[in-house]
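Chemist: Mind looking at a prediction? Sequence and model below.
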Amino acid sequence: MSVADAVSRPTPGPSRAYQFPVFERLTLGNRLDLIVAPVSKLPIATVVALVDAGAAADPPGQEGAALLTARALAEGTERSDGAQLAERFERLGTALDSSADWDSATARITVTTERLPAALALLAEVVRAPNFPGREVERLRQERLAELLQQRAEPRGLADDMFGKFVYAAGSRYALPDGGSESTVESVDRVAVRAFYEEHYSPNSTTVIVVGDITVDQARTLVTDTFGSWAGRSVRPVAVVDRPAATTRIVHVVGKPDAPQSELRVGHVGVPRLHPEYFSIVVMNAILGGLFSSRINLNLREAHAYTYGAFSSFDWRRAAGPFSVSTAVRSDVTDAAVREILLEIDKLRDAGVTDAELTLATSYLDGVFPIRFESTTAIANALASLVSYGLPDDYFDTYRSRIRSVTAEHVLQAARAHLRPDELQIVAVGDPADVRAALEQLSVGPVVTYDAEGRPAS
Amino acid sequence: MQVPIDTFRLPNGLFVTLSEDHTAPLVAVNLWYHVGSANERAGRTGFAHLFEHMLFQGSANVAANEHFELVQRAGGTLNGSTWLDRTNYFETVPSNQLALALWLEADRMGRLLPAMTQQKLDTQRDVVKNERRWSVDNQPYGTWWEKLPALAFPSDHPFHHSLIGSMEDLSEASLEDVAQFFATYYTPDNAVLSIAGDFEPGEARRLVEEYFGAIPRGANRPPLPPMDLPPTFGDWRREVVADAVMLPRLYLAFRSPVFGSTDYYAASVTGAILGMRRGSRLHRTLVRERQIASEATAFTFDLPKGSDLLVVDVTARPGVEAETLEREVTTEIDALQADGVDSAEVERAVALIETDFVASMQAAGERADKLSLFATYFGDPRLLNEQVSLYRAMTPDRVNAFIRSRLGPDNRVSLLYVPREEGTESEEAAALAVTGV
């Protein structure tokens, strides 16, 4: 056989069945929820303490409190100071990752099974009884302010934050970064962190998720021993205002002088996670900009070479997170890239998708499902999303058939209902001298220019 | 933890490693070509990486962009990456799609050139230029990726030049370069193929033989120029970079034993002691106690030839001057060199490294990649199963021997990023100094 002769393209055999790891839900006497998923591939386990204490619960004027509270959990307890706690975790070969997203705070460890009992006891110590030393809270606050300062020179993060500010109405929690802005973080001191913790951290607002090389009985015993005597009062969930800032299209140029590229964000308020059309929207977005072979990436990258990559997403939150198209393009094609993005959105709404596009998206999302859950961390995060959004227990068992049942008609309906071209906010972080005039000529909406802190420029 | 490993070699030189795991119906295919930016000829910086992009532009029986589409339609994930001394391509697919993944890799290893066109090259050249703008030119501190190797390796050393490449060299790349690079380096005897996950070994071997067996061996692959370097720099070379950044940042690098050598593990543990997680020395002293830094990490490049680099990366807190940052980091390194580490620090570092390693082995793609790594660099994928014990064998004495010999002022290069003043050009503010010791 010569090299020029290829054997013919193979066809797949029958696929092997896959089941998302079986898990059990229990509630302890103190109303703390426990989820255990035994997964015995390797001698390792991940534990997530998921608390209903995300950024959505930040008190007005103290945005950033949820994130700082989560970050400060391991900065001191009655037994140990922050340096000692870090040492105690890390001698066990684990480190606490604690953070807050919009809807939840999480404190997470991954540890080899033999060290799990000691690590879980330590996790319980910091979640149940942090004492938030003033010096350490102040240091973490300064570190958050340093992040915000760095952001002014970092176009990706700056574009994301500015996009939130231009999409959501002033007063919406989503208009500010989840970690707060410079002015609000100034107000998050030790007293604010302590108060946030007292109001939102409680056994009845917490779910402990254990995934790994352990039985349900072993996990129940360990978690009961460590979290079972935690007492606390009831915690009420909070609602987020997700109103848009504008209902007309506006172009926002955020100045980054001498930038060789423009970071673009194009989008508007999307839909809440528990939307009935969730699966149609996921498939629609995959075709528009979710996959490498999506329309937007093939257009902006492979056809025009404007960019290294372009994608779209719906940011899923309990309330309506944003829909956005994201890319970074060479400065001199900023206007052309915006035009192509708007064209792709219009085309999808006008003519829908082909069968080939639909089956590419559905067979990808269906087929890749097991690959998303190879690690204890990935499985624990998936279970955390189940709790955080209030999804049903059979969600992962029915996911693939629900994806496969999405039709081209569903996609078209989702595009027409949930892509709203007239309301798109177009954000370009770049050099105004290079992009402003071209964007004005594009005539897709009024052009407003800002500095890197979001103040309108003269 | 032991990963099952089997190997065989085809008559054309392709080395194959297999690692079965039937816990989920998925399989990873991973191909390492022993070529990277080190193999580029003068005037063609960035070409190895540009060439990696061309491998996704189709082959004799695969249309442009069809590679991505076929794998994603099969329910798989995929990508490729280029490093100084290797380029890898990888897919994780449902296990019944193993044949597709192997066939795609074989078609582009055996029959890439019929699909290459000037238009595809021009498009990917522009894509890569945008990648350069995105990752280097328009990112704070983004130029460290090319400035640090340029400072740490002599100008005639294969690791000296930019991996992403200069705009000028990218512009010069031609279809003739593509054909020549392909013929020289993308041959079965210069590659390792790893398969990890849910497969039947007999069937996998049959597919590999069928798809890859007829691809001819390469010839006349030029050897790399001599890579060896003295164990230390001999001085402390310092470069100050004025850049569009808000806070000063210091990259401080030491020549360290090559990846895979016994002393490499001492360097790796030293990196973890200095900068892995919040209990590390630099985090504890500079971030927590003295509060002059907002972030502090340390890592090794993991280069198996010439010299490895151990790099310390510390960012100032707002209000802290670059000179203060550099002085304080230096004080910490000097203290480490003078006093050494104790067993608790070594145990902490090894425990963290071990957990990370075990956690990473959960993913079939990561297993396959590490099998390819040890097979490519050392001809022995079974080294994967020895990593944990090599780390556990580290003692304070061995770590301190490394620290004494390699962390002194005679073995340092540093890049100090400082915020650019309004109205000054970076060239004016930049300074280059060599400090003899």
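Modeler: On my side now, so go ahead. Residues are numbered from 1 along each chain as shown, chains lettered A, B, ... in the order given.
Chemist: which residues touch the residue of the stretch 101-250 of chain A found nearest chain B?
Modeler: Going by C-beta to the nearest C-beta, chain B is nearest to residue A:146 of the stretch 101-250 of chain A, at 4.0 Å. Using the backbone N, CA and C atoms, a C-beta is placed for each residue, glycine as well. Residue A:146 makes contact with B:247, B:294, B:315, B:317-318, according to C-beta atoms under 8 Å, 6 or more residues apart in numbering or on different chains.
Chemist: near chain A too, which of those residues?
Modeler: Contacts with chain A within these, as defined by C-beta under 8 Å from any C-beta of the partner chain: B:247, B:294, B:315, B:317-318.
Chemist: ok so, going back, just the buried residues from the contacts of residue A:146, in ChimeraX please.
Modeler: Of the contacts of residue A:146, the buried ones go into a single ChimeraX selection, burial set by 16 or more other C-beta atoms under 10 Å in any protein chain shown:
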select /B:247,294,315,317
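Chemist: Nearest to chain A: which residue in chain B?
Modeler: residue B:75 (1.3 Å).
Chemist: which SS state does that residue fall under?
Modeler: Per DSSP: H, G, I helix; E, B strand; the rest coil, the local secondary structure of residue B:75 is coil.
Chemist: if we can go back for a sec, now, which of the contacts of residue A:146 lie within strands?
Modeler: Judged by DSSP state E, strands contain the following of these: B:294, B:315.
Chemist: okay, among the contacts of residue A:146, which ones form the most distant pair?
Modeler: Spanning the widest gap among the contacts of residue A:146 are B:315 and B:318, at 10.2 Å by C-beta to C-beta.
Chemist: What is the neighbour count of the nearest residue to residue B:267 once chain neighbours are set aside?
Modeler: Leaving aside its sequence neighbours, residue B:267 sits nearest to residue B:256 (C-beta to C-beta, 6 or more residues apart in numbering or on different chains; 4.0 Å). Residue B:256 has 29 neighbouring residues, counting by other C-beta atoms under 10 Å in any protein chain shown.
Chemist: In contact with residue B:256, which residues?
Modeler: Per C-beta under 8 Å, 6+ apart, neighbours of residue B:256: B:263-264, B:267, B:300, B:307-310, B:402, B:406.
Chemist: Tell me the spacing between residue A:340 and chain B.
Modeler: 15 Å (C-beta to the nearest C-beta, to the nearest Å).
Chemist: Let me know the secondary structure of that residue.
Modeler: Going by three-state DSSP: residue A:340 is helix.
Chemist: start to end distance for stretch B:74-94?
Modeler: The first residue of stretch B:74-94 is 7 Å away from its last residue (C-alpha to C-alpha, to the nearest Å).
Chemist: typed the wrong thing, it's stretch A:199-219
Modeler: End-to-end distance of stretch A:199-219 (C-alpha to C-alpha): 28 Å.
Chemist: Stretch B:147-162 now?
Modeler: The separation between the terminal residues of stretch B:147-162, taken as C-alpha to C-alpha, is 8 Å.
Chemist: what does it rub up against?
Modeler: Residues contacting stretch B:147-162 (C-beta under 8 Å, 6+ apart): B:37-40, B:45-46, B:84-85, B:145-146, B:163, B:224-225, B:227, B:229, B:233, B:237, B:239, B:241, B:251, B:253, B:255, B:303, B:306-307, B:309, B:311, B:413, B:415.
Chemist: Kindly recompute the last result at 6 Å.
Modeler: For stretch B:147-162, contacts defined as C-beta atoms under 6 Å, 6 or more residues apart in numbering or on different chains pick out B:38, B:45, B:84, B:146, B:224, B:237, B:239, B:251, B:253, B:309, B:413, B:415.
Chemist: try stretch A:148-162
Modeler: By C-beta under 6 Å, 6+ apart, stretch A:148-162 touches A:177, A:182, A:254, A:256, A:263, A:265, A:427, A:429, A:452, A:454, B:138, B:140, B:244-246, B:318.
Chemist: now do stretch A:178-197
Modeler: A:55, A:61-65, A:67-69, A:72, A:102, A:132, A:134, A:137, A:144-145, A:148.
Chemist: and those, which of them are in helices?
Modeler: Of the contacts of stretch A:178-197, the ones assigned to helices by DSSP state H are A:65, A:67-69, A:72, A:134, A:137, A:144-145, A:148.
Chemist: Throw together a PyMOL command that grabs the buried residues out of those residues.
Modeler: Applied in PyMOL, the following selects the buried portion of those according to 16+ other C-beta under 10 Å:
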select buried, chain A and resi 65+67+68+69+72+137+144+145+148
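Chemist: Pipe the ones in helices among the contacts of stretch A:178-197 into JSON lines and attach distance to residue B:380 per row.
Modeler: As requested, the ones in helices among the contacts of stretch A:178-197 are exported to JSON lines (distance: C-beta to C-beta, whole Å):
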{"residue": "A:65", "distance to residue B:380": "53"}
{"residue": "A:67", "distance to residue B:380": "46"}
{"residue": "A:68", "distance to residue B:380": "48"}
{"residue": "A:69", "distance to residue B:380": "49"}
{"residue": "A:72", "distance to residue B:380": "47"}
{"residue": "A:134", "distance to residue B:380": "54"}
{"residue": "A:137", "distance to residue B:380": "50"}
{"residue": "A:144", "distance to residue B:380": "47"}
{"residue": "A:145", "distance to residue B:380": "50"}
{"residue": "A:148", "distance to residue B:380": "48"}
